[in-house]
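Q: Have a look; sequence and predicted model below, questions after that.
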Amino acid sequence: MPGLTRHSGTLAVYAEDNIDTDRIIPARFLSLLSRQGYGELLFKDVRGPEFPLDRPEAVGATILVVGTNFGCGSSREHAVWAIQQAGFQAVVALKTEQSSGFSDILRGNASNCGLCLVELNPRAHGHLVRLGSGAHATVDVLNCVVESGGESFHFEMNDLVRQQLIDGLDLIGTTLQYEDSIRRFEARWDSFVPERSSIGAR
């Protein structure tokens, strides 16, 4: 998958808290046999003319701004696929003293699928919300900075996840970086199988 170092685009603001994975991608669509076609199903059950992502100013947006605890609920990579296939390169959430921006489940699936997750403090997040959908912003993964409306805000990201995102590696790709070492280990490793006498055979 392509790596991500810096992305510039416009915002789509849907700043509600506790958006669960069933709202992101309803469970009835999880039986699709292909990994494609999920973008049009993003927030399928709540879409409509007044829904934030359906407003004219949000059309073509590539940075989704949400509230806190985004992606709670059941585990499904389909939620990440739907976000990505709808055109979003990054999701920016609110982190407070009481709640993280993203659920652990969504965080893991996102890092393995190359979706950039950014957590901002209330002041920085509020700035983006006030700018609203259609405002221009840049997410700089190399320097962990979000720039928009003439201001810059630092965010924290796990170093391993950040490097994985920059390099465009999923878990398998990350493992394959050590392919030579794994091969050398396997060539000299003898598996141990206990003899019957050593396990109390009669």
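A: Looks like it arrived, so ask away.
Q: Secondary structure element holding L4?
A: Assigned by DSSP states H and E, L4 belongs to no helix or strand.
Q: show me what contacts the closest residue in space to D20 that isn't next to it in sequence?
A: Excluding its sequence neighbours, the residue lying closest to D20 (CB to CB, 6 or more residues apart in numbering) is G73, at 3.4 Å. All C-beta spots, glycine's among them, are computed from the backbone N, C-alpha and C. The contact partners of G73, by CB atoms under 8 Å, 6 or more residues apart in numbering, come to 20-22, 103, 105.
Q: do the same with Q164
A: 111, 170, 174.
Q: wait, the first one sits on V161?
A: Yes. The pair S111 and V161 qualifies as a contact (CB atoms under 8 Å) at a distance of 4.6 Å.
Q: ok, the two, which is more surrounded?
A: S111 (23 against 16; other CB atoms under 10 Å).
Q: Give me the spatial nearest neighbour of W81, chain neighbours excluded.
A: Y38 (4.6 Å).
Q: Let me know the pLDDT of the one you found.
A: For Y38, the pLDDT comes out at 93.
Q: I'd say it and G87 touch.
A: No. With contacts counted by CB under 8 Å, Y38 stays clear of G87, the gap being 11.8 Å.
Q: Who has more neighbours out of these two?
A: The neighbour count for Y38 versus G87, taken as other CB under 10 Å, is higher for Y38 (24 against 16).
Q: which stretches of this structure form helices?
A: With DSSP state H as the criterion, the chain has helices at 21-24, 77-85, 104-113, 122-131, 159-167, 171-176, 179-188.
Q: Need those helices in TSV (columns: mean pLDDT and distance to A93).
A: Output for those, formatted as TSV (pLDDT from 0 to 100; distance: least, CB to CB, whole Å):
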stretch	mean pLDDT	distance to A93
helix 21-24	96	13
helix 77-85	95	12
helix 104-113	92	10
helix 122-131	98	8
helix 159-167	91	15
helix 171-176	70	23
helix 179-188	78	35
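Q: H7 is nearest to which of the ones you listed?
A: With distances scored as CB to CB, the stretch of the helices of the chain nearest to H7 is helix 159-167 (10.6 Å).
Q: relative orientation of the closest one and helix 104-113 in degrees?
A: For helix 159-167 against helix 104-113, the angle by axes from the mean of the first three to the mean of the last three CA atoms, to 10 degrees is 40 degrees.
Q: Would you indicate which residues of helix 159-167 are buried?
A: 161-162, 164-165 (16 or more other CB atoms under 10 Å).
Q: Which pair of the residues you listed spans the longest distance?
A: Maximum distance among the buried residues of helix 159-167 (CB to CB): 7.2 Å, for R162 and Q164.
Q: now the helices of the chain as CSV including distance to N69?
A: CSV is the format used below for those (distance: least, CB to CB, whole Å):
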stretch, distance to N69
helix 21-24, 12
helix 77-85, 14
helix 104-113, 10
helix 122-131, 13
helix 159-167, 19
helix 171-176, 24
helix 179-188, 38
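Q: Could you identify which of these is most buried?
A: A comparison of the helices of the chain by mean neighbour count, using mean count of other CB atoms under 10 Å, puts helix 77-85 on top with a mean of 23.
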